[in-house]
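[1] generate coordinates for the sequence data below:
(one chain, ligands or ions: 1)
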Amino acid sequence: MKKMLTFPKDFWWGSAWSAEQAEGRGEIEKAKTIWDHWFETEPNRFFENIGPSVTTDHIHHYKEDIQLMKRTGHNSFRLSISWSRMFPNGGQGGKNVEAIKFYKDILKELNDNGIKPFVNLFHFDMPYKLQEKGGWASREVVDAYESYATTCFEEFGGLVYKWFTFNEPLGPILGGYIEGFHYPALIDFKKGSQAAFNTILAHAKAIAAFKKFNLNSEIGVILNLSPTYPRSQNEYDKKAAEIADTFYTRSFLDPMVKGTFPEKLVSILKKYHQMPEYSDSDLKIIYSNTAQILGLNYYEPRRVKSRLTAINENSPFLPEWFFESYDMPGKKMNIYRGWEIYAKGIYDLCIDIRDNYGNITSFISENGMGVANEERFMNEDNQICDNYRINFIKDHLAYTYKAIQEGCNIKGYHLWTFIDCWSWINAYKNRYGLISLDLTTGSRTIKKSGEFFNEMSKINGFEYDTQKLV
Ligand code: BGP
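    Numbers count the residues shown, from 1 in each chain. Below is the predicted model:
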């Protein structure tokens, strides 16, 4: 039976993207990021050898793009500020007056059009010169980030609705030091552990700086959180899932939201000599400056089983020493991205935050479905009829609705993404937008999902067969 699912009043409807993936280089000065450098030196790493120089070219289209936000039901939108553009001398030194004007223009334009700006300070885009100094593994970079963040609060404070210190801080650690999908693509857990600790410290220092401005806003963090499910209820599978969850979920969630580190993680890192260097005063700063709002990026669950083979201790230390991924038979897949689709995961995640993190003010800050060759679904009016995306959104939102009914403090839903944008090493392989982008002309066309999103936002909900919820 179909039922109208009506969301709480003032629910945040919108989408998110990041500077590196959407702005394009443009004429406003910008330092090289690690992505520019990586593309210059190893273009083969990127799908069809496409780098970040043009992307969605938002820098030249932002006024038109903000009108498209209105036509697709946005009352809020998350962008990120480019550190490399704000400080074009490699992330340090003098600030860029033109960049400040550019971001002020965008933020004013959003506010004038009734769209609340959510601003994120770091979305994978380390200035290359700072990476040369060690990236997040270096204290100098933490200090540089703190002063960059302070400049942003000073310049844009009154124009921003919600602030975020980082998007998915785990990404650069996994990608850069463990799994090779971000520059510098090392296999060096210990350095990754230092970089992770310093990221957490940088988050806390930015929050401490933010508090000094007494802005009428809040600051938090956006985390990619996958609920972890063991293959079975067997004690070995459960233990494997618990360790995976500690490495990938609690590692950032606990210190950034509660101000403390999970004991289990600390004891494993100590046992295997993987602890970062830190001081007591760092721990105090982290404890006293936690997130005031939490963004939940949810794409797929994590399924884990106990290891079948023994660890080779003469190989580099990795989290997989303690578990293996579990490829569950019959799971529903997004075959283009290789991610499982499991809508109930979003509900389990919200319940975890309600029960274990003080029901902190949260919202779904990313969720979405990247699909390859979407032109297949184009009608004669050049519109992409992406019913699969509409169903994906509805299924995830229905579980979000259920979580809200059960007391979860979820204030909004932001889709990844607004207009098709550049996806790191996958470049333009998979398209995620509510609006399609013609790569040759740069023209934008609202997809069927964009029309659906507009309708849903206007009536603050949608009709759904609630029997589908388990
Ligand atoms: C998130 C990132 C986004 C975005 C999205 C889709 O993890 O925050 O930047 O890229 O994933 O993933 P991908 O682009 O790799 O397909």
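[2] show me which residues of this structure are close to the ligand?
    Proximity of the chain to the ligand (CB under 6 Å from any ligand atom) is limited to residues 18, 21, 167-168, 224, 297, 337, 366, 370, 416, 423-424, 426, 430. Every residue, glycine included, has its C-beta placed from N, CA and C.
[3] filter those down to the buried ones and hand me the ChimeraX line.
    ChimeraX command restricting the residues of the chain next to the ligand to the buried ones, with burial defined by 16 or more other CB atoms under 10 Å:
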select :18,21,167,168,224,297,337,366,370,416,423,424,426,430
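[4] between the residues of the chain next to the ligand, which is nearest the ligand?
    Proximity to the ligand was ranked across those by CB to the nearest ligand atom; first place goes to residue 423, at 3.0 Å.
[5] what packs against the longest helix seen in the chain?
    For the chain, the helix with the greatest residue count under DSSP state H is helix 189-212. Contact partners of helix 189-212 among helices and strands, from 3 or more CB pairs under 8 Å, 6 or more residues apart in numbering; DSSP states H and E: helix 139-156, strand 162-167, helix 170-173, strand 218-224, helix 251-253, helix 280-288.
[6] how about it: buried residues?
    Of all the residues in helix 189-212, those buried under the rule 16+ other CB under 10 Å are 189-207, 209-210.
[7] equivalent analysis for stretch 171-190, please.
    Buried residues in stretch 171-190, counting neighbours by 16+ other CB under 10 Å, are found at 171-178, 182-184, 188-190.
[8] can you list the residues you listed in JSON lines and add pLDDT?
    JSON lines is the format used below for the buried residues of stretch 171-190 (pLDDT from 0 to 100):
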{"residue": "171", "pLDDT": "98"}
{"residue": "172", "pLDDT": "98"}
{"residue": "173", "pLDDT": "98"}
{"residue": "174", "pLDDT": "98"}
{"residue": "175", "pLDDT": "98"}
{"residue": "176", "pLDDT": "98"}
{"residue": "177", "pLDDT": "98"}
{"residue": "178", "pLDDT": "97"}
{"residue": "182", "pLDDT": "98"}
{"residue": "183", "pLDDT": "98"}
{"residue": "184", "pLDDT": "98"}
{"residue": "188", "pLDDT": "98"}
{"residue": "189", "pLDDT": "98"}
{"residue": "190", "pLDDT": "98"}
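[9] of those, closest to the ligand?
    When these are compared for distance to the ligand (CB to the nearest ligand atom), residue 171 wins out at 6.1 Å.
[10] residue 126 contacts residue 34, correct?
    Yes. Applying CB atoms under 8 Å, one finds residue 126 in contact with residue 34, separated by 4.9 Å.
[11] who touches both of the two?
    Counting by CB atoms under 8 Å, 6 or more residues apart in numbering, the contacts common to residue 126 and residue 34 are residue 135.
[12] give me the neighbour count for residue 327.
    Counted by other CB atoms under 10 Å, the residues lying close to residue 327 total 10.
[13] helix, strand, or coil at it?
    At residue 327, secondary structure determined by DSSP: H, G, I helix; E, B strand; the rest coil is coil.
[14] list the residues that contact it.
    residue 303.
[15] any idea how far it is from the ligand?
    When distance is defined by CB to the nearest ligand atom, to the nearest Å, residue 327 is 20 Å away from the ligand.
[16] per-residue pLDDT of that residue, please?
    Residue 327 is assigned a predicted lDDT (pLDDT) of 98.
[17] could you do residue 313 as well?
    Confidence at residue 313, expressed as pLDDT, is 87.
[18] how far away is residue 170 from residue 456?
    When CB to CB, to the nearest Å is the yardstick, residue 170 and residue 456 sit 30 Å from each other.
[19] ok, the residue nearest to residue 454 when sequence neighbours are not counted - contacts?
    Setting aside the residues directly before and after it, residue 454 is nearest to residue 73 in space (CB to CB, 6 or more residues apart in numbering), at 3.8 Å. When contacts are counted by CB under 8 Å, 6+ apart, residue 73 is found next to 13, 453, 454, 455, 456, 457, 458.
[20] now residue 460
    With contact set as CB under 8 Å, 6+ apart, residue 460 has these partners: 6, 7, 9, 11.
[21] can I get the strand or helix carrying residue 353 in PDB, CA atoms only?
    The secondary structure element spanning residue 353 is helix 344-356 (assigned by DSSP states H and E). What follows is helix 344-356 as a C-alpha-only set of coordinates in PDB (Å, rounded to 0.1, in the frame of the first residue of the first chain):
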ATOM      1  CA  LYS A 344      18.500  -0.500   4.800                       C
ATOM      2  CA  GLY A 345      22.200   0.400   5.600                       C
ATOM      3  CA  ILE A 346      21.200   4.000   5.900                       C
ATOM      4  CA  TYR A 347      18.700   3.200   8.600                       C
ATOM      5  CA  ASP A 348      21.200   1.100  10.600                       C
ATOM      6  CA  LEU A 349      23.700   3.900  10.300                       C
ATOM      7  CA  CYS A 350      21.300   6.500  11.600                       C
ATOM      8  CA  ILE A 351      20.300   4.200  14.500                       C
ATOM      9  CA  ASP A 352      24.000   3.800  15.400                       C
ATOM     10  CA  ILE A 353      24.400   7.600  15.600                       C
ATOM     11  CA  ARG A 354      21.200   8.000  17.700                       C
ATOM     12  CA  ASP A 355      22.300   5.300  20.100                       C
ATOM     13  CA  ASN A 356      26.100   5.700  20.400                       C
END
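[22] which strands and helices sit next to it?
    Using 3+ CB pairs under 8 Å, 6+ apart: helix 344-356 touches strand 294-297, strand 362-366, helix 387-405.
[23] circling back: pLDDT added to the residues of the chain next to the ligand, as CSV?
    Rendered in CSV, the data for those read as follows (pLDDT from 0 to 100):
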residue, pLDDT
18, 98
21, 98
167, 98
168, 98
224, 98
297, 98
337, 97
366, 98
370, 98
416, 98
423, 98
424, 98
426, 98
430, 98
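[24] and the residues of the chain next to the ligand, which is closest to residue 80?
    Nearest to residue 80 among those, counting by CB to CB, is residue 18 at 4.3 Å.
[25] which one is the closest one nearest to, not counting chain neighbours?
    Once flanking residues are discounted, residue 18 sits nearest to residue 123: 3.6 Å by CB to CB, 6+ apart.
[26] now do the same for that neighbour: its pLDDT.
    In this prediction, residue 123 carries a pLDDT score of 99.
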